[in-house]
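Participant: Quick check, what structure comes out for this input:
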Amino acid sequence: MFRSIRLRIAIPVALLILIVILGMGIYLSNILRGQYLQSLESQMASQAFLISELLAEKLSSNPQTPLLDEFAAELAEMASARLTIITTDGVVIGESSKDSSVMENHLNRPEVISALNIGYGSDTRFSRTSGVNTFYVSVRFPRSGETMGVVRLARPLVDIETDIAELQRVIMGISLVAATIAIIILAVIVNKTTQPIRQLTETAMKFAQSQQLDRLESAEDDEGRQLVQAFNIMAMRVNSQTSLAEVERNKLAAVLKEMTDGVVIIDAEGYISIVNQAAAKMFALTRERMLGKTVAEGFRQHVLVDLWTRCVETRSTQITLLEIPLNRLYLQCIATPLGATMPGYTMLLFQNLTQQRFLENVRRDFISNLSHELRTPLASLKALTETLQEGALEDPPAAHRFLQRMDAEVDALSQMVSELLELARIESGRVPLNMQPVSPSLVVNNAVERLRLQAERANLEIILECADDLPEILADPPRLEQVIVNLLHNAIKFTPTGGSIFLAARQEDTSVLQHASLGAEDMPAKDVLVFSVRDTGIGIQSDDLPRIFERFYKADRARSSGGTGLGLAIARHTVEAHGGEIWAESKEGLGSTFYFYIPLA
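Facilitator: Residues are numbered from 1 along each chain as shown. This is a model prediction of the structure:
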């Protein structure tokens, strides 16, 4: 019922003390009340007998029975009570508080009947004369040896109860004071007795929170002191063991936290007991969501369930590869039994090979794309050379035409090499940028003028949306102009005849930019100038969008669109060198929009 030992001891004993002392107070109060009423009754009886003798003398000198109201009033004042004189036939001949002539017959009053019969009577009841509960005492008075009537004294119970209540209050007050003193003494004794136990409890609670036990002190030389000494010895040993365990635990936690590889420990029953942050992030889950779950419930990957099962059955290391399309991750999963260190436990190690796989794909595609780009002009040059060697030199017009074709192919190869060298220099940061404040409208207008004639030949309309009062940006004008030219050139190339190209520039806050490559957590909010090139062309497939800024990557699988495939790669590195970022949005068949932003000057 009570969780505290002090309360278990103090409350029952305190209640017992209260009950005993208050019970004694009530008992004594009732005894004193009875004694008070007996004393009062005895006093009123004595006064009544005295009044009856005085009344007998008065009536002896006056044999007639006159009204005795004045006489009754004088005696009542002396007795401090109401006095009534009643004849044997119940007629009131004297009343101290009212005219006796108008009072009703009192022969049926219990105290009057008793006094006429045995000489004395008392009663307690409601008085219609005074309107309050009243205590009555009656005695008969004789004259010449015969009973002449009854003398009755009456006192209101209100006065009596007031006196008794005052007495009871005194008794109860004394009882409460005694009970309070007894409870205080009890509390001091109980508190002193249970102090060692409370100290042990508080120290144990601190240990549960801080894993550190404090030494205790005891001033008493009793069983409590022995308990405290034993606890101090135990605390010293526990603190030593806890400190060592804490150091090891911190080392393990630090290693698991800083590891880029995911680590999951599975107990002998197949439940996940340890998960580091890297593993939870790989599977887009929280540690709380995984802890305490089975392998199937925690990962929801049947490949991992099979891997863990094989590891447990064979008691040897198992390796598998896992691809998570949702997170675009490619993982190498290694299941290793922990052996004698943790019998029955298994460790799953997840190594993220996504970047390596991506780089391998990029390298393979780069080699493939470069080979394809080189093979076409080289094959053309080879064919033209063989044709000339086989006799075309004898035909001057044909030879001249072949030489022009060879010159065009060599120019294409030279342009490809130049763009590769330019891209390599930009990537390595060896290209000096002449950064200066420049008006966005100037850069945009120059780029449009360079490609306007090409757009008109393709029957396309370039619509410019760039205000003249836009704030200046910090950029290298020729290189930024080349970025816009590359984007416009692509838009012209992939927009059917009769289409439109929209070139716009606007001031924007990066916090409101919403696209796949920009995240609010990765960049602080700042004002930038956003350029956009939107066309009404054929659009780009969603699978190609993440890779269009790679070198030689072309969304056209047949690579029939021409060009080297380096323009967007150069644009991306140039924009990033300016402290900006470039991205694209597109729906196949509905056109594409390329965005990039440059910081304000």
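Participant: so what's L503 bridging to?
Facilitator: Residues in a beta bridge with L503, per DSSP bridges, are L464, V533.
Participant: Tell me how many other residues surround it.
Facilitator: Other residues lying near L503 total 23 when counted by other CB atoms under 10 Å. All C-beta atoms are positioned from the backbone trio N, CA, C, and that covers glycine.
Participant: Please tell me how far it sits from V485.
Facilitator: Separation of L503 from V485 (CB to CB, to the nearest Å): 11 Å.
Participant: joint contacts of the two?
Facilitator: The contact sets of L503 and V485 overlap at A447 (CB atoms under 8 Å, 6 or more residues apart in numbering).
Participant: what helix or strand does R155 sit in?
Facilitator: Here R155 sits within strand 146-156, counting by DSSP states H and E.
Participant: Any idea how far the very next helix or strand once past that strand is from the middle of the chain?
Facilitator: Counting by DSSP H and E, the next helix or strand C-terminal to strand 146-156 is helix 157-210. Here the centre of helix 157-210 is set off from its chain's centre by 41 Å, with CA atoms, centre = their mean, to the nearest Å.
Participant: which helices and strands sit right next to whichever helix or strand comes after helix 157-210?
Facilitator: Next helix or strand after helix 157-210 toward the C-terminus (DSSP H and E): helix 223-258. Secondary-structure packing of helix 223-258 (3 or more CB pairs under 8 Å, 6 or more residues apart in numbering; DSSP states H and E): helix 157-210.
Participant: buried sites along the helix or strand A571 falls within?
Facilitator: Taking DSSP H and E as the criterion, A571 maps to helix 567-577. Buried residues in helix 567-577, defined by neighbour count with 16 or more other CB atoms under 10 Å: G567, L568, A569, I570, A571, R572, H573, T574, V575, A577.
Participant: again with stretch 494-506
Facilitator: Buried residues in stretch 494-506, defined by neighbour count with 16+ other CB under 10 Å: F494, T495, G499, S500, I501, F502, L503, A504, A505.
Participant: For that stretch, which outside residues touch it?
Facilitator: 440-441, 444, 447-448, 455, 458-467, 470, 484, 488, 491-492, 529-538, 561, 591-592.
Participant: sorry, back to before: average pLDDT across the helix holding A571?
Facilitator: Taken as a whole, helix 567-577 has a mean pLDDT of 82.
Participant: Beyond that helix, next helix or strand please.
Facilitator: Following helix 567-577 in sequence, per DSSP H and E, is strand 581-586.
Participant: what inclination does that next one have with respect to helix 567-577?
Facilitator: Calculated by axes from the mean of the first three to the mean of the last three CA atoms, to 10 degrees, strand 581-586 forms an angle of 140 degrees with helix 567-577.
Participant: Partner strands of strand 581-586, with direction?
Facilitator: strand 592-599 (antiparallel).
Participant: Spell out for me which residue occupies the centre of the chain.
Facilitator: What sits nearest the mean C-alpha location of the chain, by CA atoms, centre = their mean, is E288, with 14.8 Å.
Participant: one step back: which strands and helices lie in contact with the helix holding A571?
Facilitator: By 3+ CB pairs under 8 Å, 6+ apart, helix 567-577 packs against helix 396-428, helix 477-493, strand 581-586, strand 592-599.
Participant: Look at S439 and report its pLDDT.
Facilitator: So, for S439, pLDDT stands at 90.
Participant: what's the answer for R547, then?
Facilitator: Reported pLDDT for R547: 75.
Participant: for S532, same thing?
Facilitator: 91.
Participant: count of neighbours near it?
Facilitator: Neighbourhood size, S532 [other CB under 10 Å]: 17.
Participant: just E77 next, same as before
Facilitator: E77: 11 neighbours (other CB under 10 Å).
Participant: How about the contacts made by the nearest residue to it once chain neighbours are set aside?
Facilitator: With sequence-adjacent residues excluded and distances taken as CB to CB, 6 or more residues apart in numbering, E77 is closest to S96, at 7.7 Å. Contacts for S96 (CB under 8 Å, 6+ apart) come out as D69, A72, A73, L75, A76, E77, R82, L83, T84.
Participant: Same question for T162.
Facilitator: Listed by CB under 8 Å, 6+ apart, the contact set of T162 is empty.
Participant: With the one 5 residues further on instead?
Facilitator: L167 sits next to S29, L32, R33, Y36 when contact means CB under 8 Å, 6+ apart.
Participant: Now do whichever strand or helix holds the last one, average pLDDT.
Facilitator: Assigning secondary structure by DSSP H and E places Y36 in helix 5-61. For helix 5-61, the per-residue pLDDT values average out at 78.
Participant: What's the local residue count around the residue nearest to A14 when sequence neighbours are not counted?
Facilitator: Leaving aside its sequence neighbours, A14 sits nearest to I183 (CB to CB, 6+ apart; 4.8 Å). The tally of other residues near I183 (other CB under 10 Å) stands at 18.
Participant: wait, I183 sits on P12?
Facilitator: No: if you go by CB atoms under 8 Å, I183 and P12 don't touch, sitting 11.9 Å apart.
Participant: Pretty sure Y345 sits against I265.
Facilitator: Yes: with contact defined as CB under 8 Å, Y345 and I265 form a contacting pair (6.0 Å).
Participant: intersection of neighbour lists for the two?
Facilitator: With CB under 8 Å, 6+ apart, Y345 and I265 have common neighbours S273, L338.
Participant: can you list the domains in this protein?
Facilitator: Under the assignment automatic domain parsing, the domains of the chain span 5-163, 259-352, 357-426, 432-599.
Participant: Same list (the ones you listed) but as a markdown table, adding distance to Q241.
Facilitator: Listed next are the domains of the chain as a markdown table, based on distance: least, CB to CB, whole Å:
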| stretch | distance to Q241 |
| --- | --- |
| domain 5-163 | 29 |
| domain 259-352 | 19 |
| domain 357-426 | 47 |
| domain 432-599 | 42 |
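Participant: With respect to A235, which of those domains lies nearest?
Facilitator: domain 5-163 (21.1 Å; CB to CB).
Participant: Poorly predicted segments of the stretch 201-350 of the chain, please.
Facilitator: 203-228, 231 (pLDDT under 70).
Participant: thinking again about what came up before, rebuild the buried residues of helix 567-577 as TSV, extending it with distance to E104.
Facilitator: Converted to TSV, the buried residues of helix 567-577 look like this (distance: CB to CB, whole Å):
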residue	distance to E104
G567	131
L568	127
A569	129
I570	131
A571	127
R572	124
H573	127
T574	127
V575	122
A577	126
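Participant: which two from these end up farthest apart in space?
Facilitator: G567 and A577 (15.8 Å).
Participant: beta partners of I274?
Facilitator: Beta-bridge partners, per DSSP bridges, of I274: I265.
Participant: hang on, the earlier thing: now a ChimeraX select for only the buried ones of the contacts of stretch 494-506.
Facilitator: Burial among the contacts of stretch 494-506 is assessed by 16+ other CB under 10 Å; the matching ChimeraX selection reads:
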select :440,444,447,448,455,458,460,462,466,470,484,488,491,492,529,530,531,532,533,534,535,536,537,538,591,592
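Participant: Next, the buried residues of the helix or strand hosting Y136.
Facilitator: Using DSSP H and E, Y136 sits in strand 133-143. By 16+ other CB under 10 Å, the buried positions in strand 133-143 come out as T134, F135, Y136, V137, S138, V139, R140, F141, R143.
Participant: Format those residues as CSV; extra columns: distance to S46.
Facilitator: As requested, the buried residues of strand 133-143 are exported to CSV (distance: CB to CB, whole Å):
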residue, distance to S46
T134, 19
F135, 15
Y136, 15
V137, 10
S138, 13
V139, 10
R140, 15
F141, 14
R143, 21
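Participant: ok, so of the residues you listed, who is nearest P337?
Facilitator: Distances from P337 to those, taken by CB to CB, are shortest for F135, at 99.6 Å.
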